[in-house]
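1. build me a model from this:
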Amino acid sequence: MQDTSYFVHSSAVIDAGASIGAGSKVWHFTHIMPSSEIGENCIIGQNVFIDRRVKIGNGVKIQNNVSVYQGVTLEDDVFLGPSMVFTNVINPRSFIERKTEFRPTLVCRGATIGANATILCGIEVGEYALIGAGAVVTRTVPPFALITGNPGKRTGWVSKAGITLEFNDKGEASCPESGEKYLLTGEAVINVLPSPGQKG
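-> Residues are numbered from 1 along each chain as shown. Just a heads-up that it's a prediction; the model follows:
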């Protein structure tokens, strides 16, 4: 008997051993491999591939034409834009087997990766970071960083709401949308006063 706590489109393929949380939706032509784990209230778009042993948290949104390869972990509330790309081997060759050389990639809670961006393997995308469309990310990204270009560079900082932060001479900023307070110390931003009911 099919589990009705989540939705799977009739054209999608869910292999035995995959786990899908309550309230999640899996759309057209998606393939989810065995031993992958998808949390609750996720949206998996059209033509998405989820590889073996991939772990996906709650509230994750994966847009169309994305492949999430083995070695990638997505924490809660991550957003992956259309046709963005993950890799899992640093020096692939079709004639050399390198499945034992996969490098893990972690996308932390609340981070957004824009359409057509590329994330090289073996790095971490920090909490609530925002990777711009088409960026090529080759190194670890700090929390709340705005990354654009090729190669990707930090061009600003954003709030949890994804709004650009403007810091004063004391390194203080407020999100104009949520009112949350942020502090810039060196090359790190911390959320010092979250909105009521939210964690920092």
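
2. can we go C-alpha only for contacts and neighbour counts from here?
-> Will do.

3. could you pull out the helices in the chain for me?
-> Using DSSP state H, no helices are found in the chain.

4. could you list the domains of this protein?
-> Domain ranges of the chain: 7-160, 161-200, per automatic domain parsing.

5. flag every buried residue along the last one.
-> Under the neighbour-count criterion of 16 or more other CA atoms under 10 Å, domain 161-200 has 162-165, 172-175, 180-184, 189, 191 buried.

6. take these and keep only those in strands.
-> Those of the buried residues of domain 161-200 mapping onto strands are 172-174, 181-184, 189, 191, per DSSP state E.

7. V72: which of those residues is nearest?
-> Distance to V72, by CA to CA, is smallest for V189 among those, at 24.7 Å.

8. I'd say the closest one and V141 touch.
-> No: shown here, V189 and V141 do not form a contact pair, counting by CA atoms under 8 Å, at 11.8 Å.

9. does I20 have any beta-bridge partners, and if so which?
-> I38 (DSSP bridges).

10. my guess is it contacts Y6, does it?
-> Yes: when contacts are counted by CA under 8 Å, I20 is listed as touching Y6 (7.3 Å).

11. higher neighbour count, these two?
-> I20 (24 against 16; other CA atoms under 10 Å).

12. quick check: the more buried one vs W27, distance?
-> 13 Å (CA to CA, to the nearest Å).

13. check E127 too.
-> Relative to W27, and taking CA to CA, E127 is found at 27 Å.

14. with D77 instead?
-> Taking CA to CA, one finds D77 at 18 Å from W27.

15. so where is the protein shaky, pLDDT-wise?
-> 1-3, 195-200 (pLDDT under 70).

16. ok, now with 80
-> For the chain, applying pLDDT under 80 flags the ranges 1-4, 193-200.

17. which of the domains of the chain sits most buried?
-> domain 7-160 (a mean of 20; mean count of other CA atoms under 10 Å).

18. beta partners of N191?
-> Going by DSSP bridges, N191 forms beta bridges with Y182.

19. surely it touches L184?
-> No: in this structure, N191 is not within contact of L184 by CA under 8 Å, at 9.2 Å.

20. next, the distance between the ends of stretch 44-52.
-> Rule used - CA to CA; the end-to-end distance of stretch 44-52 is 16 Å.

21. before we move on, what about stretch 33-47?
-> 13 Å.

22. centre of the chain to it, how far?
-> Relative to the centre of its chain, stretch 33-47 is centred 13 Å away, using CA atoms, centre = their mean, to the nearest Å.

23. ok, now stretch 80-92?
-> Put simply, stretch 80-92 sits 11 Å off its chain's centre (CA atoms, centre = their mean).

24. do stretch 122-131 as well
-> 8 Å.
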